[in-house]
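Trainee: My questions concern the predicted model and sequence given below.
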Amino acid sequence: MSDVEITEVRDAHRFDEAALTQYLSQHVLDFVGPMTVRQFEGGQSNPTFQLLTPKQNYVLRKQPPGELLPSAHQVDREYRVMDALWDTDVPVPKMHCLCEDTAIIGTKFYVMEMVEGRLFTETPLPGHSPEDQRAIYLDLARVMAKLHTVDPQAVGLGEFGRPGNYFERQIGRWTKQYIASKTEDIPAMDNLIDWLPNNIPEQGKTVIVHGDYRLGNVLLHPTEPRIVAVLDWELSTLGDGLADLGYLCQEYHGESYEDDGLTSVDFNTSGIPREEEFIAEYCKHAGLDSIENWHFYVIYNMFRSAGIIQGVYKRGLDGNASSEKALEYKDHCRSRSERGWSLLQEWTS
């Protein structure tokens, strides 16, 4: 895989490998030790590990150590949604087992197949041909739409989310999470917290929402510009698919987690589609004619992303983050919320 650093297991995330080996030998078909465990660097929520065995390689995702925020790090939800999507048009890894017994390695965890593919975290895809840049981004739109056309009831996920307006619930959730992890006063976040609940559009069809759908959470085919696996489903639920679309498209308006997003892209020379074309590609595959109140979905996601990244930074301060990069996000909540508030004033003036 590209852009993936694999290290020795960090001290804070060590667990009883012998107990894990014994558990997997009893719960995973054809599992045979001995097993070597390495840790994936990157990913700011649930620690992720590579399990190497003589017959097959696996990936383990577990909750982080330490005290967890309410409703966070739900690896059981990740497992459930990917297992349900296995026979659909949404590419996901095959699930092998879910362990909710914290006595085995100290936290809940699940094990899945390790999909061979390429991971790219630089949003503008430097070093790729314009043809591949275009194909990759159009496939991001297509696969997202495929997810949103899956019938939750048909795959056993009819009870995967709570009833009521999705955005109302999410704004309330991330407001609470932000307050719980707050380290300084940020007026722009306070302004967004006041504005968002009073400007929620009418919700469309209820679909499966990924919650963190972006380039850095998909694996691409080893040689072709197409997606072979969608990863990191921790924030998935039932809701409005435009939340996912607005989340990815915020990168046209501000920095991404690792870089400047798509704000510095020259769309005349790059193959990456402009925002309007990306949205049109999504609508084509999702069966939508148009989108009203587009500014709400982008602004909401800038607020939500700011809240998420503040939680990452706070876990870094507390010493139980999944990556050593967590402390680098000190100013990200402020910059993203200020950008969101600035855009809102620009679009609604």
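Mentor: Perfect, I can see it now.
Trainee: so what's residue 308 closest to, chain neighbours aside?
Mentor: Computed as CB to CB, 6 or more residues apart in numbering, the closest residue to residue 308 that is not its neighbour in sequence is residue 174, at 7.3 Å. Backbone N, C-alpha and C define where each C-beta goes, glycine included.
Trainee: For that neighbour, which three-state class applies?
Mentor: Using DSSP: H, G, I helix; E, B strand; the rest coil, the structure places residue 174 in helix.
Trainee: ok, residue 317 touching residue 181?
Mentor: No: in this structure, residue 317 is not within contact of residue 181 by CB atoms under 8 Å, at 9.1 Å.
Trainee: So which of those two has more stuff around it?
Mentor: residue 181 (21 against 13; other CB atoms under 10 Å).
Trainee: wait, what's in contact with the residue nearest to residue 161 when sequence neighbours are not counted?
Mentor: Spatially, and ignoring its direct neighbours in sequence, residue 161 is nearest to residue 238 (2.8 Å; CB to CB, 6+ apart). Applying CB atoms under 8 Å, 6 or more residues apart in numbering to residue 238 gives the contacts 152, 157, 160-162, 166, 206-209.
Trainee: helix, strand or coil for residue 238?
Mentor: Relying on three-state DSSP, one would call residue 238 strand.
Trainee: beta partners of it?
Mentor: residue 208 (DSSP bridges).
Trainee: any idea how far it lies from residue 10?
Mentor: To residue 10, residue 238 is 35 Å away according to CB to CB, to the nearest Å.
Trainee: in this structure, which spans are helices?
Mentor: Assigned by DSSP state H, the helices in the chain fall at 17-27, 75-85, 130-148, 166-181, 187-195, 242-249, 275-286, 294-318, 332-348.
Trainee: Out of these, the one nearest residue 64 is which?
Mentor: helix 294-318 (7.1 Å; CB to CB).
Trainee: Would you mark the buried spots in that closest one?
Mentor: 294, 296-316 (16 or more other CB atoms under 10 Å).
Trainee: Which residues belonging to stretch 106-117 are considered buried?
Mentor: Neighbour-count burial for stretch 106-117, counted by 16+ other CB under 10 Å, picks out 107-112, 114-115, 117.
Trainee: typed the wrong thing, it's stretch 262-279
Mentor: 262, 265, 270-273, 275, 278-279.
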